[in-house]
Structures are given as C-alpha cells and as structure tokens.
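Peer 1: Prediction below, plus the sequence it came from.
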Amino acid sequence: MTSTAPAFTASDIHSLNGRFETADPREIVCWAFDTFGSGVSIGASFGGASGMAILHMAGAVDPGVHVFVLDTGYLFEETLETMRRAVAQLGLSHVQVYRSLLSHEEQAEKYGSALWMRDPDLCCELRKVEPNRRALAGKTAWLSGLRRDQSEGRADTPIVSWSGRFGLLKVNPLATWTEKQTWAYLAGHGVPYNPLLDQGYTSIGCYNCTVPGKQGRQGRWEGFAKDECGLHSE
Ligand code: SF4
C-alpha cells in the first residue's frame, strides 16, 4: 500500500531528535504509528537482540504492521527458526519475505562464484539493498533497531533521519539504548531471540560472512574493511 508521507523539514527532524533523545523507545514507536499509520515498515533480520525488541514494541501497538525479511538464501537455519517462532509468538500478521532478483546460480553465472569472498559490497547490493528498496517502496517510515553502541560507525546514529536513499523517514527508537538495556527488555517481556546469540555470535547475518567470538559487529565480513551491508549507509 502506498502511503502519503507527512512533510518533514531539516528543522523538524532536528527538533524531533532533541525531543526523543531521552524518550523511552516505546514512546518513539507510538509516535511513528500515530504519525505514519500504515506507512510504517520494519526490516527484521531475526539476528540481533535490538531488532527483536523493536518487533515486540511495534507488534504490541499494531500486530498488522508491515514487517519485511531480506532472505539472501544464506541465512542460518537458527535465524529462519527464530523468524517462525517470533512471528507466531508476537502475532505478526503482515510479514513479507523479499529475495534477490538473481538466484544463487544466476549470480554465480553473472559475477562468478562466491562473490561474497571477492566483492561483498556487490553481493550485499544484489541480495540485500535492492530487495530492501522494493520492500520499502510506497512506505513512509522505516523502523530499525540500530543502536549507537553497536559499532564505531553507528556511534552517531540519529533517532530520526531522512533516508534519501530509500525516500522515507528512518526511525531508530533504540539508538540511545545499550546492549544491557536491550537484553533486559527481551528478558522482561519474554521476547524470543536467535539462539546463536548464546553461542558466541554477537551479530548475525549470512552464514558466509558471520563468525562467532568477536565483539559487536566485528564478526561480520572478516578480512574486509566492512561492517555494514549497505542498508544503513546514506
Ligand atoms: S552478508 Fe555476505 S553473503 Fe550475505 S549478501 Fe552480504 S556479502 Fe552476500
């Protein structure tokens, strides 16, 4: 469904960030629904703790919220199982899976095999960023679980920002939360999470590009100067 976006100036965004800096994330989630209604969409990876917290907060307001999953075809079985469990437990009724326009075989034929080992930016573009663009088409607000303490690159994450790349307002209600606060929320509300997080993984994406035993997002794309898939880069 296509929704009309309320107009936000840079000054509006600045003042929203000031207002939300000390707000409870649930207040920010409620504001997003009040402001954008069915224009809200959530990208869920079912990998990290904060994404699960956002899903729980949003599902409590509107279980029919549009939730999309980018299935690269390289997701851990534990991630897929977490998705099934969480969707049922949280009662989410509008979950859509988006995949690359290229099958693994077509990608290998066009760009060579194991592209993630040679050009992970291109692989992420094909399997994540392009499907993300389709998932958000016609939406006006993108709720995401980014936190400032997840990596150096995320240290300045705003709570509200305009995404020129995807043409909508991006809202990160958990930007100011710590890892400890996030886990306390999951425990306090019995929110399901990916069991790999109990097995030494701290950030979970495709199995090709994720290793356990590292801090924060350092277990992603080992050997490359890369710790973002490109979804959150402007
Ligand atoms: S995380 Fe790795 S396998 Fe997944 S899309 Fe990106 S480069 Fe490809």
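Peer 2: Good, I have the coordinates. Residues are numbered from 1 along each chain as shown.

Peer 1: My reading is that V69 lies in a strand. Confirm?
Peer 2: Yes: the assignment for V69 is a strand, going by DSSP: H, G, I helix; E, B strand; the rest coil.

Peer 1: per-residue pLDDT, it?
Peer 2: Predicted confidence (pLDDT) for V69: 97.

Peer 1: give the contact list for the residue nearest to it when sequence neighbours are not counted.
Peer 2: Distances taken as C-beta to C-beta, 6 or more residues apart in numbering place V97 nearest to V69, at 4.9 Å, with adjacent residues excluded. To be clear about C-beta, it is placed using only N, CA and C from the backbone, and glycine gets the same treatment. When contacts are counted by C-beta atoms under 8 Å, 6 or more residues apart in numbering, V97 touches 68-69, 71.

Peer 1: where does V97 land on pLDDT?
Peer 2: V97 is given a pLDDT of 97.

Peer 1: about what we covered before: turn the contacts of V97 into a markdown table, including distance to the ligand and neighbour count.
Peer 2: Compiled in a markdown table, those are given as follows (distance: C-beta to the nearest ligand atom, whole Å; neighbours: other C-beta atoms under 10 Å):
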| residue | distance to the ligand | neighbour count |
| --- | --- | --- |
| F68 | 16 | 21 |
| V69 | 13 | 21 |
| D71 | 10 | 17 |
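
Peer 1: Out of those, the closest to G47 would be?
Peer 2: If you rank those by distance to G47 using C-beta to C-beta, V69 comes first, at 10.6 Å.

Peer 1: My guess is the closest one contacts F46. True?
Peer 2: Yes: at 7.1 Å, V69 and F46 qualify as touching, with contact defined as C-beta atoms under 8 Å.

Peer 1: Please enumerate the shared neighbours of the two.
Peer 2: With C-beta under 8 Å, 6+ apart, V69 and F46 have common neighbours M83.

Peer 1: At the contact with the ligand, which residues of the protein appear?
Peer 2: The chain comes close to the ligand at residues 72, 74, 116, 120, 123-124, 127-128, 205-206, 208-209, 229, as judged by C-beta under 6 Å from any ligand atom.

Peer 1: Can I get those in TSV including neighbour count and pLDDT?
Peer 2: Output for the residues of the chain next to the ligand, formatted as TSV (neighbours: other C-beta atoms under 10 Å; pLDDT from 0 to 100):
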residue	neighbour count	pLDDT
T72	22	97
Y74	16	96
W116	20	92
P120	20	93
C123	24	96
C124	25	95
R127	26	97
K128	22	95
G205	24	91
C206	23	95
N208	15	92
C209	21	89
C229	24	78
